[in-house]
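# Predicted model and sequence follow; I will ask about them next.
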Amino acid sequence: MKLSKLYCNDSRFKDIKFNLNGLSVIYADVVSKPDELKNSHDLGKTKLAEIIDFLFLKGIDKKSFLLKLTNENGISPFSEFVFYLEILLTSGKFLTVKRAVSNHSKVSFALQDQTTESFIAPSSWDFEELSFKLAKNQFAELIGLDFFKNKKYDYRKAINYCIRMQSDYEDVYKLSKYKGGTDIEWKPFMFDLLGFNGEILTAKYKNDEKREEIKKFIDSLKNEYSVKVEDRDDIVAQIKQKESSTIEVEEQIDRFNFYEQDKQLINNGIEEVERSISDLNAQSYQLNFDIDKLKQSIKNKFAFNLDKVSKVFEESALYFPEQLKQDYSALISFNNDLTIERNKLLQTSLIKKQKELK
């Protein structure tokens, strides 16, 4: 792939035709006076490189010289500029890239078998006004560089090395844009470019990042739980012990038959309830029996009748002394008193039995 032509719709921009068979050099005579600020370093080399980079679909913002300079109305002096870059592809065809400054997010492509006549833009475009993302993908397909197939980066990675600014020459391999970044941003590409497998280097840097993350995590745990390295073996032993205890408990649980245990508990419970009911029924029967006996005993009065005894003795022709009658009368009185006290005790016992029955 070689640069063929660079031109613009504005005549103030000088048409450039690159040497396809040799080296192209920017040459100019310095016509400014020695005391003026202009010198041999102000020939426009950097600006030309930026325009070529612009036509290789570099994204731009207000920091770019094409948009940075504005008049009192905020309009860039390059706002009406439309740039064209003709490229000789390895296939032998010529690809023309069209990109305007005012609408720099749209890009057009024209593919031809021959170079355009003079510096006249193609009359028709194979891909016109593509969005910037689609344009980059289409451009990568059109230039057809096999090196970038199955890579995680595109041709733009190499363009940065081909179009170098002054600060990019300080380090042959590390561009100035990577000074504030990490090695993974550029070393895998250089590894690929030198014929090695850049994926290996990418994997290495990612592993380094993971190791650093793990180290930070370990340090945070150490700070949070005050864990010392020398305590590691002791902690590991404690963990193993806990794991063994857990396994032992799990095995015991697995061996334990909950169904049989529940069944046995239910049977035991039923038997216990039945025994309790039987015992309570027996107690209830005995209490009812005792209560009936007590009630009957309370109803019974002293049944000894002295007149009937005397009549029996008379009929039997036995003499019943008067003194004996008096003794029997005292006995009757004593038994009456005894019956009253007895009934009181029976009544107390009855009340107690009735409470027990409830």
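Right, received. Where do you want to start?

# residue contacts, the residue nearest to Asp53 when sequence neighbours are not counted?
Of all residues not flanking Asp53 in the chain, Ile163 sits nearest, at 4.9 Å (CB to CB, 6 or more residues apart in numbering). The C-beta positions use only the backbone N, C-alpha and C, and glycine is treated the same way. Going by CB atoms under 8 Å, 6 or more residues apart in numbering, Ile163 touches Ala49, Ile52, Asp53, Phe56.

# and the last one, what is it in contact with?
By CB under 8 Å, 6+ apart, the residues touching Phe56 are Leu85, Val97, Phe139, Tyr155, Arg156, Ile159, Ile163.

# separation between Ala93 and Glu86?
No Ala there; residue 93 is Lys. Applying CB to CB, to the nearest Å, the value for Lys93 to Glu86 is 11 Å.

# So if I had to pick from these two, which one is more boxed in?
Neighbours were counted for Lys93 and for Glu86 using other CB atoms under 10 Å; Glu86 has more, 24 against 15.

# Glu356 sits in which helix or strand?
Taking DSSP states H and E as the definition, Glu356 sits inside helix 322-357.

# Quick check: mean pLDDT of that helix?
Throughout helix 322-357, pLDDT has a mean value of 70.

# Look at Glu212 and give its secondary structure.
Classification of Glu212 using DSSP: H, G, I helix; E, B strand; the rest coil returns helix.

# Got the confidence number for it?
The model's pLDDT for Glu212 equals 90.

# Please apply the same query to Arg156.
We have a pLDDT of 89 for Arg156.

# For it, give me its contacts.
Arg156 neighbours (CB under 8 Å, 6+ apart): Phe56, Leu57, Lys58, Lys136.

# In helices, which of these appear?
Lys136 (DSSP state H).

# would you list the contacts of Arg156 in a markdown table and tack on pLDDT?
Rendered in a markdown table, the data for the contacts of Arg156 read as follows (pLDDT from 0 to 100):
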| residue | pLDDT |
| --- | --- |
| Phe56 | 95 |
| Leu57 | 94 |
| Lys58 | 92 |
| Lys136 | 93 |
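
# can you redo the contacts of Arg156 as a markdown table with distance to Val107?
Output for those, formatted as a markdown table (distance: CB to CB, whole Å):
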| residue | distance to Val107 |
| --- | --- |
| Phe56 | 11 |
| Leu57 | 6 |
| Lys58 | 11 |
| Lys136 | 8 |
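
# So which of the contacts of Arg156 are in strands?
Judged by DSSP state E, the contacts of Arg156 include no members of strands.

# Can you tell me which of the contacts of Arg156 is closest to Asp29?
For the contacts of Arg156, the minimum distance to Asp29 (CB to CB) is 29.5 Å, reached by Phe56.

# Distance check, the closest one against Leu85.
Phe56 is 8 Å from Leu85, by CB to CB.

# Give me the common contacts of those two.
Residues touching both Phe56 and Leu85 (CB under 8 Å, 6+ apart): Val97.

# Show me the helices in this protein, by range?
Using DSSP H, the helices of the chain run over 45-55, 65-68, 132-143, 156-162, 187-193, 198-225, 232-255, 258-299, 306-315, 322-357.

# Nearest to Ser176, out of these?
Among these, the nearest to Ser176 by CB to CB is helix 156-162 (9.8 Å).

# buried set for the closest one?
Across helix 156-162, burial judged by 16 or more other CB atoms under 10 Å covers Arg156, Lys157, Ala158, Asn160.

# cool, and stretch 232-241?
Within stretch 232-241, no residue counts as buried by 16+ other CB under 10 Å.

# Stretch 54-61 too?
Under 16+ other CB under 10 Å, the buried positions of stretch 54-61 are Phe54, Leu55, Phe56, Leu57, Lys58, Ile60.

# right, and Glu86 touches Thr115 too?
Yes - using CB atoms under 8 Å, Glu86 is in contact with Thr115, at 6.4 Å.

# Return the closest of the contacts of Ile163 with respect to Asp15.
The closest of the contacts of Ile163, once distances to Asp15 are taken by CB to CB, is Ile52, at 14.0 Å.

# how close does that closest one sit to Ser167?
Distance check for Ile52 against Ser167: by CB to CB, it reads 17 Å.

# Counting neighbours, go ahead and name the busier of those two.
Neighbour count, other CB under 10 Å: between Ile52 and Ser167, Ile52 has more, with 19 against 11.

# Quick check: pLDDT value at the closest residue to the more buried one other than its chain neighbours.
Nearest residue to Ile52, sequence neighbours excluded (CB to CB, 6+ apart): Ile163, at 6.0 Å. For Ile163, the model assigns a pLDDT of 87.

# Give me the below-cutoff pLDDT ranges for the stretch 1-150 of the chain.
Along the stretch 1-150 of the chain, segments meeting pLDDT under 70 span 30-42.

# just the strands in it please.
Applying DSSP state E, counting those that start in this stretch to the stretch 1-150 of the chain gives strands spanning 2-8, 16-17, 82-88, 94-100, 106-112, 127-131.

# All set, thanks.
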